[in-house]
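Asker: Sharing a model that was predicted from the sequence below.
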Amino acid sequence: MAHLSQLKHSSGDWRKIKSDAVAVGIYDDLKLTRQFQGVNRELGRGLSNALAANLIKGKAGEVKTVVGKKGAIAFVFGMGKRGKLNAEALRKAGGGVSKACNANKIDSVSFLMPVDAKENYHSQAAAEGLVLGSYQFNEFKTTDDDPFDMIGATIIGGNKKAVVKGTIIANGVCLARNVENRPGNVATPTHLAENAKEIGKSGGMKVTVFDREKFTKMGMGALAGVASGTEVPPKFIIMEYMGGPKKQKPKVLVGKGLTFDSGGISIKPSAKMDEMKYDMCGSGVVLGVMKAVAELKPKMNIIGIIPSTENMSGDKAYRPGDVLTAYNGKTIEVLNTDAEGRLILADALSYASKYYDPEYMIDFATLTGAVVVALGHVATGIMGTDVSLINAIKSSSKTTAEKVWEFPLWDEYLEQVKSKIADVKNVGAPMQAGSIAGGAFLEAFVGEDIPWCHFDIAGTAWGDRDLSYHNKGSATGEVIRLVVDLMGV
Ligand code: BES
Ligand code: MN
Ligand code: ZN
């Protein structure tokens, strides 16, 4: 596994910790703190020389490498405006420091928590950044000339428990990234089920997997319809974590596990079709959160559900015009086989609505290209039925710096997914409000009075952002931090 999976913590003198480099922060006023001067002294005034040469600006996200006397190495990370230190600046700093270690082949680093980073969440974010920034996906490289993975990092100062928590959450994100980055011929529905079982075993969860025959018999006609074009065995995966009182309502997480989306008979254009291996990133969110839950062991009940299949074409595939019956008995006219994510989620949401009495349900899906048109790769589109749930999500979004933006689910949009011959159709009005149409369709499968929110992560699940704790062009594991915060794990 190519990422740091453990961090050390110390509250002692950083000079006593054996590391190959030290990382220290500076604000953009460039005033020298005692901590900074201490590192400067050890480096034979290397830092003040770099400052004098104007190499350091102190902007949040900036990480500069400074070589001092006898080859001693320091990383200087920017913290932005003094008095306005925020957790995201420290997450970026951690990420940048780990990236600099890997780039410069430095085995280990001591990360000095700024003395004014007093909140526990500051320590958590720095830990998340260090782990996430160390992540590299190289499991298919057999001939990389020059592979390098850093070995260790120690956070000096701050709060130890928060460092452990940040490490656990980031490990959940890295697990999700690994599964998500794997191609469709490796990350199959069976692979998702195996990951779910492994996580379940380590966290005392009950994991149940229905195969094609079983879920078809049970009445999951929408998942069965999408899966009809593939011989790769589809799965319906259920993870039950019961850490709270038996009678306590569970929080339900549902993730789209479409392991490859060709579009089916309504086939996609070939450009970038390879990216549709990422169409299971919703299930990655569920696995990543459940991995963190397995280790944090919160006293609450959490259910994870993953409907999983490929979407292929061929003589067995479902067709445009077909009518499918979902698990809740509603009929769906399929007008485009490429709008398959909402179909498999329909069965999952109906199943969860029937079998649990959820406190709330949230689903994650790379559902629409339209969300990228609306929000780019900057924010996740959210929409749902419950104001207080959505407000809580917005608040966790602010805390964790994973941006969300709410779309309305007005009645007019619900009208647009009504079918002439069935209850609903799987597309909305042509060329209009595509992401909302997806949400409006899903709402038909959410049990009455269950607070629900849909996350369209098609723009945020894999990378286009220059963020030190992301890797451009690969899976991000976005919204796992948000969901862990939302649940109060
Ligand atoms: N998985 C895609 C959505 C997607 C597209 C995610 C591009 C990321 C990048 C989804 O299954 C899909 O194909 N949606 C269609 C819906 C349409 C046919 C109503 C889309 O967005 O074009
Ligand atoms: Mn599709
Ligand atoms: Zn899809």
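Answerer: It's in. Source: prediction; values computed, not measured. Residues are numbered from 1 along each chain as shown. Ligands and ions are numbered 1, 2, ... in the order given.
Asker: Please count neighbours and contacts with C-alpha atoms only from this point.
Answerer: Noted.
Asker: next SSE after the longest strand anywhere in the chain?
Answerer: Longest strand in the chain by number of residues, with DSSP state E as the criterion: strand 301-311. Per DSSP states H and E, the first helix or strand lying C-terminal to strand 301-311 is strand 323-325.
Asker: Tell me which strands the longest strand of the chain pairs with, and in which orientation.
Answerer: The pairing partners recorded for strand 301-311 under DSSP bridges are strand 235-242 (antiparallel), strand 251-255 (parallel), strand 257-261 (parallel).
Asker: highest average neighbour count across these?
Answerer: Stretch with highest mean neighbour count among the strands paired with strand 301-311: strand 257-261 (a mean of 30; mean count of other Cα atoms under 10 Å).
Asker: how distant is the longest strand of the chain from the center of its chain?
Answerer: Put simply, strand 301-311 sits 15 Å off its chain's centre (Cα atoms, centre = their mean, to the nearest Å).
Asker: what do you get for stretch 168-188?
Answerer: 10 Å.
Asker: wait, does it make contact with ligand 1?
Answerer: No - between stretch 168-188 and ligand 1, judged by Cα under 6 Å from any ligand atom, nothing touches; the nearest distance is 13.2 Å.
Asker: what sits up against that stretch?
Answerer: With Cα atoms under 8 Å, 6 or more residues apart in numbering as the test, stretch 168-188 has contacts from 3, 5, 128, 131-132, 135, 137, 192, 232, 259-260, 277-278, 280-281, 284-285, 287-292, 295-296, 309, 474-478, 480-481, 484.
Asker: Tell me the buried residues within these.
Answerer: Buried by 16 or more other Cα atoms under 10 Å: 3, 5, 128, 131-132, 135, 137, 192, 259-260, 277-278, 280-281, 284-285, 287-292, 295, 309, 474-478, 480-481, 484, out of the contacts of stretch 168-188.
Asker: Which of those residues fall in helices?
Answerer: Counting by DSSP state H, the buried ones among the contacts of stretch 168-188 place 128, 131-132, 192, 281, 284-285, 287-292, 295, 480-481, 484 in helices.
Asker: per-residue confidence averaged over the strand or helix carrying residue 374?
Answerer: Following DSSP H and E, one finds residue 374 within helix 370-375. Taken as a whole, helix 370-375 carries a mean pLDDT of 98.
Asker: got the residues of the stretch 151-300 of the chain near ligand 2?
Answerer: Where the stretch 151-300 of the chain comes near ligand 2, counting by Cα under 5 Å from the ion, the residues are residue 263.
Asker: Which single helix of this structure contains the most residues?
Answerer: Scanning the chain for the helix with the most residues, using DSSP H, yields helix 160-181.
Asker: Going by neighbour count, list what's buried in that one.
Answerer: Applying a neighbour-count criterion of 16+ other Cα under 10 Å, one finds 160, 162-181 buried in helix 160-181.
Asker: gap between that helix and the chain center?
Answerer: 10 Å.
Asker: Thank you kindly, that will do.
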